[in-house]
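**Student:** requesting a structural model of the entry that follows:
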Amino acid sequence: MSLEQKFHEAVDSVFKKWTTLALATDQGWGGRDSHAKGRQLQGDVIDYLANASRKKNPPSWQNPGDVQDLAYFLYLRMDELFNTETDDGSDREVATLCLRLWNTCHAGDASFADEVLQACRTQAPQDLSKSQGSERIEYATEEDELLDKLEGMEVEEGDEGSDIEVQEADSVLELADEALHRGKGYGTSKPKEVEPVVDEDGFTAVVKGRRRPR
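**Tutor:** Next comes the predicted model:
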């Protein structure tokens, strides 16, 4: 196995052992293409390292600033691809490993890559069934949030709590209607009642409202 092949295999092992990324792909945080996005992230990091190495001062795993730059790149890409934040510091750990693998392999030293591969082989497989991720949903407007809640509501007939559920649904509907019409020229006040007209003889005339044409 060439050094380049060993480098790619070691990086692949690091990404497979990254719990946050494993959760994101396994639970579909990035949609239907979550697994493809996981492979895309790995390719993005390799491209990042290749481009950065062309600079006058290539990045080094021993330089905290270089590690932080790659960690921030991982943080941004995880947010863009999976809408999740790596606030557990794991992005910095992955950045350090990837940078060290890049530096050592391109210096002709395969010892660290061998250590990473051996450690990943002996490590027990991750049990993601007990891990839970937090889903973050951002709404552009209050109306979008209310409509999303309406779509997730289920009102079943015949159950004991159906009356309560219907009342809750009505309350949300009223809030949604008020939010949707706010600022659009629609009022929420009740229509004015028509006062009876009394003629000269003291008789009250009934004033009928105009019917809306069908």
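
**Student:** which residue sits closest to Val94, ignoring its sequence neighbours?
**Tutor:** Leaving aside its sequence neighbours, Val94 sits nearest to Trp18 (CB to CB, 6 or more residues apart in numbering; 5.6 Å). (Each C-beta comes from the backbone N, C-alpha and C, glycine too.)

**Student:** the one you found: neighbour count?
**Tutor:** Neighbour count of Trp18, defined by other CB atoms under 10 Å: 24.

**Student:** now Gly43
**Tutor:** 11.

**Student:** three-state assignment of it?
**Tutor:** Applying DSSP: H, G, I helix; E, B strand; the rest coil to Gly43 yields a three-state assignment of helix.

**Student:** ok, now how distant is it from Asn57?
**Tutor:** Remark: distance between Gly43 and Asn57 (CB to CB, to the nearest Å) = 24 Å.

**Student:** next one: Asp69
**Tutor:** 12 Å.

**Student:** and the two? which has more neighbours close in?
**Tutor:** Asp69 (16 against 8).

**Student:** I'd say the more buried one and Pro59 touch.
**Tutor:** Yes. Asp69 is in contact with Pro59 according to CB atoms under 8 Å; the separation is 7.1 Å.

**Student:** related to what we said a few turns ago, you'd agree the residue nearest to Val94 is up against Leu97?
**Tutor:** No. The pair Trp18 and Leu97 fails to qualify as a contact (CB under 8 Å) at a distance of 9.5 Å.

**Student:** now for the residue nearest to Arg92 when sequence neighbours are not counted, how many residues are close by?
**Tutor:** Among residues not flanking Arg92 along the chain, Ala71 sits closest, at 4.2 Å (CB to CB, 6+ apart). By other CB under 10 Å, 21 other residues sit near Ala71.

**Student:** is it true that Ala71 touches Leu99?
**Tutor:** No. Using CB under 8 Å as the test, Ala71 is too far from Leu99 to be in contact (9.6 Å).

**Student:** what helix or strand does the residue nearest to Arg92 sit in?
**Tutor:** Using DSSP states H and E, the element containing Ala71 is helix 64-82.

**Student:** which strands and helices sit next to that helix?
**Tutor:** helix 19-26, helix 34-52, helix 90-106 (3 or more CB pairs under 8 Å, 6 or more residues apart in numbering; DSSP states H and E).

**Student:** what is the burial count for Ser2?
**Tutor:** The local packing of Ser2 (other CB under 10 Å) involves 9 other residues.

**Student:** equivalent analysis for Leu23, please.
**Tutor:** Neighbours around Leu23, by other CB under 10 Å: 18.

**Student:** now the helices and strands packed on helix 64-82 in TSV, with distance to Val11?
**Tutor:** Formatted as TSV, the helices and strands packed on helix 64-82 follow (distance: least, CB to CB, whole Å):
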stretch	distance to Val11
helix 19-26	12
helix 34-52	7
helix 90-106	6
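
**Student:** tell me which of those lies nearest to Ala113.
**Tutor:** helix 90-106 (5.8 Å; CB to CB).
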